[in-house]
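*Asks:* below: sequence and its predicted model.
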Amino acid sequence: MTDVFSRFPPFLQEYIYSSGWETLKEVQLKAADVLFNTDKNLLITSETASGKTEAALYAAYRLLASGQSQGIYFALPTRLTSDRIHQRVEAFMKAVLETPASVRLSHGQAWLREFAYG
């Protein structure tokens, strides 16, 4: 992959491999550069499918792991995008946390999803 990849913790490297990624995307490389080489805040904006969700998840993970945050909040414009991101956030958190975390989907129809999938 890249030099940046080697700086990720082993469990995150495994998550990346198991997700089938062959390379990190440009936005992920730029975000990692900020995270690894500065103490600045990070705002990620980019087009759809550019890798910003996983870049943001790793940034959030670093805050959680360092005790600088106690949670993550994703605000999205539609139920469909919320449902899809929820699946990815849940998979990421299961992969990187030692103890289970509550990943909650919150929109007007979320209870139907939980009812249907248990």
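*Replies:* Received, thanks. It should be emphasised that the depicted structure is a prediction, and the values quoted were computed from it without experimental measurement.
*Asks:* got the buried residues for the helix ranked longest in the chain?
*Replies:* Looking across the chain with DSSP state H, the single longest helix is helix 79-96. Neighbour-count burial for helix 79-96, counted by 16 or more other CB atoms under 10 Å, picks out S82, I85, H86, V89, F92, M93, A95, V96. Just so you know, the C-beta spots here come from the backbone N, C-alpha and C atoms, and that holds for glycine as well.
*Asks:* state the distance from S102 to H86.
*Replies:* 12 Å (CB to CB, to the nearest Å).
*Asks:* cool, L76 as well?
*Replies:* 9 Å.
*Asks:* chain neighbours aside, what residue packs nearest to the spatially most central residue of the chain?
*Replies:* Geometric centre of the chain, nearest residue: L57, 2.4 Å, by CA atoms, centre = their mean. Leaving aside its sequence neighbours, L57 sits nearest to F92 (CB to CB, 6 or more residues apart in numbering; 4.9 Å).
*Asks:* quick one on the thing from earlier: mind putting the buried residues of helix 79-96 into JSON lines with distance to V4 and pLDDT?
*Replies:* Formatted as JSON lines, the buried residues of helix 79-96 follow (distance: CB to CB, whole Å; pLDDT from 0 to 100):
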{"residue": "S82", "distance to V4": "29", "pLDDT": "80"}
{"residue": "I85", "distance to V4": "23", "pLDDT": "83"}
{"residue": "H86", "distance to V4": "27", "pLDDT": "83"}
{"residue": "V89", "distance to V4": "22", "pLDDT": "86"}
{"residue": "F92", "distance to V4": "18", "pLDDT": "85"}
{"residue": "M93", "distance to V4": "22", "pLDDT": "83"}
{"residue": "A95", "distance to V4": "18", "pLDDT": "81"}
{"residue": "V96", "distance to V4": "17", "pLDDT": "78"}
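*Asks:* between these, which sits nearest I44?
*Replies:* I85 (13.7 Å; CB to CB).
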